[in-house]
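In: what follows is a predicted protein model with its sequence.
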Amino acid sequence: MYPFNSVADRDAVVNEMPWDKRDKPVTIYGRLKRTAEEHGSRPAVSYQITSGPTDPVEMVTWQEMHDRSVQAANLFRSLGVGEKDVVAYLLPNANETFYALLGGSIAGVVNPINPLLDAEQVAGILRETGAKVLVTLKSFPKTEVAQLAAEAVKMAPNVKTVLEIDLNRYLTFPKSWIVPLIRPKNPVSHNARVLDFNAEMAKQNTTLDFEDREVDRVGAYFHTGGTTGTPKVAQHTYGGMMYNGWLGAHLLFNAEDVIICPLPLFHVFAVQVIFMAGITSGCHMVFPTPAGYRGDGVFDNFWKLIERYKVSFVITVPTAIAALMQRPVDADVSSLKVAFSGSAPLPIELYNRFQEATGVTIVEGYGLTECTCLVSCNPPGGNKKVGSVGVPLPYTDVKIANCDTEGNILEECDVDVVGEICVSNPGVFVGNTYTEAEKNAGLYAGGTHLRTGDLGRMDEDGYLWITGRAKDLIIRGGHNIDPAEIEEALAGHEAVAFVGAIGQPDSYAGELPCAYVELVGGAEASVDELMAYAKKHIHEKAAMPKHIEVLDELPKTAVGKVFKPDLRKSAITRVYNAALAKAGHPAEVVEVLDDKKRGLVARLRATGEVDYEAVSHTLGEFTRPFEWMD
């Protein structure tokens with residue numbers, strides 16, 4: 001473990017030796033094997049299918065994790081999976097999900113898929129990656145994952161084998177007896193073989209049946225968030241995965257730590273940062289319920305689970321923190337050291353509330369799927385600038401630049417000047433970030449740094465601040481939504497001429513989708529009618545607009561494109577004024593300015609006797625800053 005309390009600590013790690021001289025395995029199997037040799041009898045993962053603090057748990061040691069994952073890898077090879085072939089999984093969290101994850105990346109390329117997508121989107125990803133094998137659930141009550149998988153495979157004939165996992169084995173009497181009686185039907189109309197994952201895996205050796213070639217290669221495909229049409233699929237190399245695991249294990253966790261991670265194992269943060277750091281450090285990871293934070297009773301029992309496992313690190317996201325702060329800390333959480341928050345900006349009010357309730361500070365981090373994940377984080381033991389995403393991590397170089405469409409750097413920005421955040425580190429697969437070559441065109445600043453599409457600045461102390469987005473993604477609770485999905489759906493309505501979809505501020509999810517619509521001349525359509533149309537034509541539930549507003553004319557650029565900054569200003573004004581009115585504050589947003597340093601800033605005016613501190617608590621629940629007018 002290295003101290004990581006400052007920029008100087010970060011620089012000391014880099015100056016000690018270059019990244020390529022670090023002692024680290026080349027392959028995922030090499031990493032798993034070394035950890036099993038060093039920590040074989042120690043707990044690797046504790047998984048419980050229900051959330052109660054005394055409910056049954058299945059704990060897997062590092063040796064068992066090694067053996068089951070090797071069996072899975074041997075199974076995949078026996079099904080025709082080579083180094084460049086793809087094993088996809090469409091799964092909730094379970095111990096088998098880890099075996100599919102590791103086994104898939106050892107035998108070939110593993111491709112986790114979000115079960116919250118619809119069948120067309122899942123099928124699009126399966127076709128894009130050319131997956132030969134899909135690991136998914138056997139039909140089970142209260143989930144439609146198996147039905148989703150069957151429908152998707154029907155549209156992806158490249159999938160030759162479906163391996164099913166039955167969660168019933170985790171249940172105890174009487175539930176384990178009831179499930180087979182009420183198991184939903186899942187008539188299969190695809191041509192793939194359907195086999196039992198655990199039964200087939202049990203037939204395999206616990207030593208590799210094939211050579212693990214010690215070469216750096218692509219080990220994982222991760223699709224980016226809300227996908228429409230042909231999805232974007234990012235390629236992750238063994239080297240990038242090792243880098244993310246190395247950072248966690250050498251700057252944050254050690255073998256004695258216990259990490260609770262109720263995030264889904266299709267999420268890049270959960271897999272490439274937390275699980276890879278777990279494998280690298282040999283620590284103990286706790287995964288409660290198949291749905292993680294979304295699971296029944298997880299929030300209600302969360303503090304008791306921390307007491308049960310003596311958790312030292314909480315892995316979370318702002319929406320989960322908001323939900324936890326609505327519940328009392330009703331257990332002994334003295335084992336907690338740090339909470340690590342990623343995926344979306346954290347409102348300062350939420351940060352303060354969590355620290356006051358638990359006595360534990362939150363470390364904010366920044367990363368993205370295209371970088372394998374990590375870019376920066378606030379030093380755990382050092383100066384935390386709330387609202388910033390900390391300092392770039394060791395071996396990560398961040399440029400703030402303005403580029404042309406080809407990626408040529410027009411200018412590098414000075415301290416505190418906003419530009420596009422461009423990243424170079426071992427997690428960036430230069431030239432091959434996406435599986436489709438044309439999607440990599442113009443993606444690299446100066447041919448070396450990934451253009452993130454995020455706007456930000458670097459302050460004089462070397463801390464990175466995100467101020468907005470050059471690309472239009474809406475980030476709802478850490479889930480990326482492409483506004484094109486909303487715009488294309490609503491544009492199909494015969495009365496609609498133009499649509500602009502953006503993310504409006506939300507105190508819980510960070511952003512929620514909203515849409516502004518301009519109607520065809522002479523046409524009529526009510527908001528209710530447009531909402532109903534959107535519900536019918538938008539495939540992704542998370543992309544459904546929270547608010548639709550019809551304007552006489554949308555703001556447009558000189559070339560006729562919808563000018564979204566004006567829409568964002570309108571949304572901030574509307575949402576902030578509604579929050580102020582609901583809380584009874586005599587104040588209003590008069591204007592929203594585009595500040596070069598902070599991005600969009602709401603400017604407030606008092607309309608009566610104002611409690612300024614109370615207003616700061618109300619608006620502190622949102623991520624966009626505000627200021628008072630003189």
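Out: Ah, there it is. Numbers count the residues shown, from 1 in each chain.

In: show me the helices in the stretch 51-200 of the chain, by range?
Out: Secondary structure of the stretch 51-200 of the chain (DSSP state H, counting those that start in this stretch): helices located at 62-78, 95-107, 119-129, 145-154, 175-182, 197-202.

In: dump those to a markdown table, plus mean neighbour count and distance to L554.
Out: In this view, the C-beta of every residue, glycine as well, is placed from N, C-alpha and C. Rendered in a markdown table, the data for these read as follows (neighbours: other CB atoms under 10 Å; distance: least, CB to CB, whole Å):
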| stretch | mean neighbour count | distance to L554 |
| --- | --- | --- |
| helix 62-78 | 24 | 50 |
| helix 95-107 | 27 | 44 |
| helix 119-129 | 22 | 28 |
| helix 145-154 | 23 | 36 |
| helix 175-182 | 11 | 50 |
| helix 197-202 | 18 | 50 |
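
In: nearest to A534, out of those?
Out: helix 119-129 (17.0 Å; CB to CB).

In: in the chain, which helix is the longest?
Out: helix 564-583 (DSSP state H).

In: check which helices and strands it sits against.
Out: strand 496-506, strand 510-519, strand 547-551, strand 587-595, strand 599-606, helix 612-619 (3 or more CB pairs under 8 Å, 6 or more residues apart in numbering; DSSP states H and E).

In: in a markdown table, list these along with distance to Y221 and mean neighbour count.
Out: As requested, the helices and strands packed on helix 564-583 are arranged in a markdown table below (distance: least, CB to CB, whole Å; neighbours: other CB atoms under 10 Å):
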| stretch | distance to Y221 | mean neighbour count |
| --- | --- | --- |
| strand 496-506 | 26 | 22 |
| strand 510-519 | 26 | 24 |
| strand 547-551 | 35 | 17 |
| strand 587-595 | 37 | 16 |
| strand 599-606 | 32 | 18 |
| helix 612-619 | 40 | 16 |
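
In: hang on, the earlier thing: can you add mean pLDDT and distance to L410 and give the helices of the stretch 51-200 of the chain back as TSV?
Out: Compiled in TSV, the helices of the stretch 51-200 of the chain are given as follows (pLDDT from 0 to 100; distance: least, CB to CB, whole Å):
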stretch	mean pLDDT	distance to L410
helix 62-78	98	47
helix 95-107	98	39
helix 119-129	94	33
helix 145-154	98	43
helix 175-182	96	61
helix 197-202	98	52
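
In: so which of those gets nearest F622?
Out: In this view, the helices of the stretch 51-200 of the chain are compared for proximity to F622 by CB to CB, and helix 119-129 is the closest at 29.9 Å.

In: for this protein, which helix or strand comes out least confident on mean pLDDT?
Out: Taking mean pLDDT, DSSP states H and E as the measure, the chain has strand 479-481 as its least confident helix or strand, at a mean of 79.

In: so after that strand, what's the next helix or strand?
Out: In the C-terminal direction, the helix or strand that comes right after strand 479-481 (DSSP states H and E) is helix 483-491.

In: what's next to that following helix, contact-wise?
Out: 226, 228, 472-474, 496, 498-502, 513, 515, 517, 530, 533-534, 537-540, 543, 545, 548 (CB atoms under 8 Å, 6 or more residues apart in numbering).

In: ok, back up a step: tell me which of the helices and strands packed on helix 564-583 sits nearest to Y47.
Out: With respect to Y47, and counting by CB to CB, the nearest of those is strand 510-519 at 28.5 Å.

In: for the residue minimising distance to the centre of the chain, give me its contacts.
Out: The C-alpha lying nearest the average C-alpha coordinate of the chain belongs to H267 (CA atoms, centre = their mean; 4.6 Å). Under the criterion of CB under 8 Å, 6+ apart, the contact list for H267 reads S343, G478.

In: please apply the same query to V329.
Out: W303, A357, T358.

In: for L336, see how far away it is.
Out: Using CB to CB, to the nearest Å, we find V329 at a distance of 10 Å from L336.

In: could you do A149 as well?
Out: Using CB to CB, one obtains 37 Å as the distance from A149 to L336.

In: also S69?
Out: Distance of S69 to L336, given as CB to CB: 30 Å.

In: ditto for E460
Out: The gap separating E460 from L336 is 32 Å, by CB to CB.

In: those two: which is more packed in?
Out: Taking neighbours as other CB atoms under 10 Å, E460 and L336 compare with L336 leading, 21 against 7.

In: name the element the more buried one belongs to?
Out: With elements taken from DSSP H and E, nothing contains L336; it lies in neither a helix nor a strand.

In: just give the nearest non-adjacent residue to it, would you?
Out: If the residues on either side of it in the chain are set aside, L336 comes closest to V360, at 4.8 Å by CB to CB, 6 or more residues apart in numbering.

In: also S6?
Out: In space, S6 comes closest to G382 once its chain neighbours are excluded; the distance is 4.9 Å by CB to CB, 6+ apart.

In: L593 now?
Out: If you skip the residues right next to it in sequence, L593 has V601 as its closest partner in space, 5.3 Å away by CB to CB, 6+ apart.

In: hang on, the one you found packs against F626?
Out: Yes. At 6.5 Å, V601 counts as touching F626 under the criterion of CB atoms under 8 Å.

In: shaky segments in this protein?
Out: 225-231, 470-471, 557-560 (pLDDT under 70).

In: hmm, try it at 80
Out: Counting by pLDDT under 80, the low-confidence segments of the chain come to 225-231, 343-346, 468-473, 478-480, 482, 557-561, 596, 630.

In: show me the contacts for A331.
Out: Here A331 is in contact with P53, W303, K304, I306, E307 (criterion: CB under 8 Å, 6+ apart).

In: can you pick the most crowded of these?
Out: In terms of neighbours by other CB under 10 Å, the contacts of A331 top out with I306 at 24 neighbours.

In: can I assume that one sits in a strand?
Out: No. Remark: I306 does not belong to a strand; assigned using DSSP: H, G, I helix; E, B strand; the rest coil, it is helix.

In: please look at it and L336 and confirm they touch.
Out: Yes. Assessed by CB under 8 Å, I306 is found in contact with L336 at 6.3 Å.

In: report the secondary structure state of the residue in the chain sticking out farthest from the centre.
Out: The outermost residue of the chain relative to its centre, with distances by CA atoms, centre = their mean, is G522 at 43.4 Å. Secondary structure for G522, judged by three-state DSSP, is coil.

In: check the gap between the residue nearest to L593 and P53 for me.
Out: Counting by CB to CB, the separation of V601 from P53 is 44 Å.

In: and W628, by the same measure?
Out: For W628, the distance to P53 - CB to CB - is 46 Å.

In: noted, bye for now.
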